[in-house]
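Enquirer: quick one: sequence plus predicted model below, questions after.
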There are 4 protein chains.
Amino acid sequence: MSRLVRFGVSLESGLLEQFDRLIAKRGYTSRSEALRDLIRQELVHEEWEEDREVAGTVTFLYDHHTRGLSARLTDIQHDHQDLIISTQHIHLDHHTCLEIVAVRGRASDVLKLANALRSVKGVRHGSLSMSSTGKTLL
Amino acid sequence: MSRLVRFGVSLESGLLEQFDRLIAKRGYTSRSEALRDLIRQELVHEEWEEDREVAGTVTFLYDHHTRGLSARLTDIQHDHQDLIISTQHIHLDHHTCLEIVAVRGRASDVLKLANALRSVKGVRHGSLSMSSTGKTLL
Amino acid sequence: MSRLVRFGVSLESGLLEQFDRLIAKRGYTSRSEALRDLIRQELVHEEWEEDREVAGTVTFLYDHHTRGLSARLTDIQHDHQDLIISTQHIHLDHHTCLEIVAVRGRASDVLKLANALRSVKGVRHGSLSMSSTGKTLL
Amino acid sequence: MSRLVRFGVSLESGLLEQFDRLIAKRGYTSRSEALRDLIRQELVHEEWEEDREVAGTVTFLYDHHTRGLSARLTDIQHDHQDLIISTQHIHLDHHTCLEIVAVRGRASDVLKLANALRSVKGVRHGSLSMSSTGKTLL
């Protein structure tokens, strides 16, 4: 873990008031913690834009009664084993499955995998959550 | 499952060419499947905006060596048991954990839970993936 | 104008390094200025989510040769005079117009106007830029 | 202008009902027009991702009383004359200016210009609206 560094920030008093109101509402206990989060959020953005190694989740919905669909989705995941860490499968109701795939790899490869899963016939919705391997966020 | 309905769509020839090129690149095998996905994406958006019952994933990164942090995160999750379906925990490296929480509930409640987890001191990044219970996507 | 207030922030040294690298790349000359921008960005987000008075721009593309289209777009703008400050019209090429409408009003009303303009037959693309009246950003 | 092509789309009846409800709410008069808009939206996304020639607007807020600020902002705009089509300036109140710059050029150059304007000391908020030159949207 890296050590803490302290530095001064100057802010317009009105802006600081608004910020304090906002972070109280979101449940932060200190300005430093809230600013750290804003900074990390910006850095994660940057990692994806610069096509670096990232982590994230691909979430998709499908009906497991659709013939051949589960097998097809499993095949695609096996073809991308190097990107996939693990998969969580949730039975939302009698028909609908929510499958959540934890992924790690180059941003562009992760995007391609998300598109591949999303475009399979029978998958009703796919979404991607962009996170980080955490290496640059310490 | 609901039955298939067929209807005609008219499109400018140039636009259709561009669309065909795009969906080929994304791996779709038919225009209908690609259009279905665009429509469902729009509907999922709508569900979140209208604060209906939704599903999704909250993904966050933290260092499990931070004293008391795991316990705090588990506490928050237990306080929102009604929203949480299950949690997947991944050890990204010696320090960093990626925790992926599958959630279901009113959009505004899910957003509040995501903010609560994200603002805990020591959580380095939090993100939310907006999906659906699938009920309106058939 | 409100006066400047100074306070201390503590950050992990590694995170600070990344942040310094990012803001240099974006052309900021001081950490305070970069942090102010991150904070203001978050506050503008909040204004739109809380449906407060906001400002912004609605940009849309259309072909002015489409019969009756300009008149229809002008009519809609006149029906929302209370929301519209001014309109800039650009001839992108022989066919295509880019029209940029500066708007101010309740966030939900601005969104409705943007949807109304975007859905007119012949409008090829519409987008909304969310800004602020600036009152809370000082 | 390119001619209209007609083709059939098959959709689950339940999904079509939801779609019809959504487009009625947004003010569309036909399914074709609503689908065209979803497709064009996707294509504009693609243009920005693939760093092609795009159009858009950069909107930013500032206080014109800040010494030297207007001159600095004008300088930056002149340095990017090749990207800038025209600028609209609005006096939101006694202090606050909303400046809206219509831009056209390579996506990455437009992003750089938006970042340059946003990071000037005294600019309180900057946002970018991604549109298109319209060439691929016919």
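Expert: That came in fine, so what should we check first? Numbers count the residues shown, from 1 in each chain, chains lettered A, B, ... in the order given.
Enquirer: distance from stretch A:60-75 to the middle of the chain?
Expert: 23 Å (C-alpha atoms, centre = their mean, to the nearest Å).
Enquirer: near chain D, anything from that stretch?
Expert: No. Using C-beta under 8 Å from any C-beta of the partner chain, we find that stretch A:60-75 stays clear of chain D, coming within 10.5 Å at best. Just so you know, the C-beta spots here come from the backbone N, C-alpha and C atoms, and that holds for glycine as well.
Enquirer: CA atoms only: put that stretch into CSV for me.
Expert: Extracted in CSV, the C-alpha atoms of stretch A:60-75 (Å, rounded to 0.1, in the frame of the first residue of the first chain):
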residue,chain,number,x,y,z
PHE,A,60,-26.8,-10.7,-19.8
LEU,A,61,-30.4,-11.9,-19.7
TYR,A,62,-31.8,-14.9,-21.5
ASP,A,63,-34.4,-17.5,-21.5
HIS,A,64,-32.9,-20.9,-20.7
HIS,A,65,-35.8,-22.7,-22.5
THR,A,66,-34.5,-21.4,-25.8
ARG,A,67,-33.1,-24.5,-27.6
GLY,A,68,-29.4,-24.6,-27.8
LEU,A,69,-28.9,-21.2,-26.2
SER,A,70,-27.1,-22.2,-22.9
ALA,A,71,-24.7,-24.4,-24.9
ARG,A,72,-24.0,-21.5,-27.3
LEU,A,73,-23.3,-19.1,-24.5
THR,A,74,-21.0,-21.6,-22.7
ASP,A,75,-19.1,-22.2,-26.0
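Enquirer: give me the contacts around it.
Expert: For stretch A:60-75, the surrounding residues in contact (C-beta atoms under 8 Å, 6 or more residues apart in numbering or on different chains) are A:92, A:95-99, A:101, A:117-118, A:120-127, B:1, B:55, B:131-132, B:134, B:137-138.
Enquirer: kindly report the same for stretch A:25-39.
Expert: With C-beta under 8 Å, 6+ apart as the test, stretch A:25-39 has contacts from A:9, A:19-20, A:23, B:115-116, B:118-119, B:121, B:123, B:125, C:7, C:9-12, C:15, C:18-19, C:35, C:38-39, C:42.
Enquirer: again, only this time at 6 Å
Expert: Here stretch A:25-39 makes contact (C-beta atoms under 6 Å, 6 or more residues apart in numbering or on different chains) with A:Ile23, B:Asn115, B:Ala116, B:Ser119, B:Lys121, C:Val9, C:Ser10, C:Phe19, C:Leu38.
Enquirer: what number of residues lie near the third one?
Expert: B:Ala116 is flanked by 18 other residues according to other C-beta atoms under 10 Å in any protein chain shown.
Enquirer: could you do the fourth one as well?
Expert: B:Ser119 sits with 19 neighbouring residues when counted by other C-beta under 10 Å.
Enquirer: which ones are touching it?
Expert: Counted by C-beta under 6 Å, 6+ apart, B:Ser119 has contacts A:Arg26, A:Gly27, A:Tyr28.
Enquirer: now the contacts of stretch A:60-75: which count as buried?
Expert: Buried residues within the contacts of stretch A:60-75, counting neighbours by 16 or more other C-beta atoms under 10 Å in any protein chain shown: A:92, A:96-99, A:101, A:117-118, A:120-127, B:55, B:131-132, B:134, B:137-138.
Enquirer: low-scoring stretches of chain A, by residue?
Expert: A:1 (pLDDT under 70).
Enquirer: tilt between the longest helix anywhere in chain A and helix C:31-49?
Expert: Secondary structure of chain A per DSSP state H: the longest helix is helix A:31-49. Angle of helix A:31-49 versus helix C:31-49, following axes from the mean of the first three to the mean of the last three C-alpha atoms, to 10 degrees, is 80 degrees.
Enquirer: immediately after helix A:31-49, which helix or strand?
Expert: Going down the chain from helix A:31-49, the next helix or strand is strand A:53-63, by DSSP states H and E.
Enquirer: that next one: partners in the sheet, and parallel or antiparallel?
Expert: Counting by DSSP bridges, the strands paired with strand A:53-63 are strand A:96-106 (antiparallel), strand A:123-131 (antiparallel).
Enquirer: make TSV from those strands and add distance to D:Ile85 to it.
Expert: Formatted as TSV, the entries for the strands paired with strand A:53-63 read as follows, by distance: least, C-beta to C-beta, whole Å:
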stretch	distance to D:Ile85
strand A:96-106	36
strand A:123-131	32
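Enquirer: that older thread, of the contacts of stretch A:25-39, which belong to strands?
Expert: C:Val9, C:Ser10 (DSSP state E).
Enquirer: report the two of the contacts of stretch A:25-39 separated the most.
Expert: Farthest pair in the contacts of stretch A:25-39 (C-beta to C-beta) is B:Ala116 and C:Phe19. Separation: 24.9 Å.
Enquirer: quick one, what contacts A:Glu12?
Expert: C:Ser2, C:Leu138 are the contacts of A:Glu12 under C-beta under 6 Å, 6+ apart.
Enquirer: surely A:Gly56 and A:Thr133 touch.
Expert: No. The pair A:Gly56 / A:Thr133 is not scored as a contact, 9.7 Å apart, by C-beta atoms under 6 Å.
Enquirer: looking at the two, which is more packed in?
Expert: Remark: of A:Gly56 and A:Thr133, A:Gly56 carries more neighbours, 27 against 19, as counted by other C-beta under 10 Å.
Enquirer: just list whatever residues bridge to the more buried one.
Expert: A:Val103, A:Met130.
Enquirer: neighbouring contacts of stretch A:122-129?
Expert: Identification of contacts with stretch A:122-129 by C-beta under 6 Å, 6+ apart yields A:56-62, A:66, A:69, A:114, A:117-118, B:40, B:44, B:59, B:127, B:129, B:131-132, B:134, B:137.
Enquirer: switch to 8 Å and redo it
Expert: With C-beta under 8 Å, 6+ apart, stretch A:122-129 has contacts from A:56-63, A:66, A:69, A:73, A:96, A:110-111, A:114, A:117-118, B:37, B:40-41, B:44, B:56-57, B:59, B:127-132, B:134, B:137-138.
Enquirer: starting at the chain centroid, how far to that stretch?
Expert: Using C-alpha atoms, centre = their mean, the offset of stretch A:122-129 from its chain centre is 14 Å.
Enquirer: please apply the same query to stretch A:2-13.
Expert: Relative to its chain's centre, stretch A:2-13 lies at 28 Å (C-alpha atoms, centre = their mean).
Enquirer: which parts of it are buried?
Expert: Buried, per 16+ other C-beta under 10 Å, within stretch A:2-13: A:Val9, A:Ser10, A:Leu11, A:Glu12.
Enquirer: which residues does the last one bridge with?
Expert: Per DSSP bridges, residues listed as beta-bridge partners of A:Glu12: C:Leu4.
Enquirer: for A:His89, helix, strand, or coil?
Expert: The local conformation at A:His89, judged by DSSP: H, G, I helix; E, B strand; the rest coil, is strand.
Enquirer: assess the claim that A:Ser132 and A:Glu46 are in contact.
Expert: No. Between A:Ser132 and A:Glu46 there is no contact under C-beta atoms under 8 Å: 9.9 Å.
Enquirer: which residues does A:Thr136 contact?
Expert: The contact partners of A:Thr136, by C-beta under 8 Å, 6+ apart, come to A:Leu43, A:Glu47, C:Gly14, C:Gln18.
Enquirer: try 10 Å this time
Expert: A:Thr136 makes contact with A:40, A:43-44, A:46-47, A:52-53, B:124, C:14-15, C:17-18, C:21-22, according to C-beta atoms under 10 Å, 6 or more residues apart in numbering or on different chains.
Enquirer: can you say which of those are buried?
Expert: A:Arg40, A:Leu43, A:Val44, A:Glu46, A:Glu47, B:Arg124, C:Gly14, C:Leu15, C:Gln18, C:Leu22.
Enquirer: reformat these as TSV; add distance to C:Arg106.
Expert: Formatted as TSV, the buried ones among the contacts of A:Thr136 follow (distance: C-beta to C-beta, whole Å):
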residue	distance to C:Arg106
A:Arg40	32
A:Leu43	34
A:Val44	32
A:Glu46	34
A:Glu47	36
B:Arg124	36
C:Gly14	43
C:Leu15	38
C:Gln18	38
C:Leu22	34
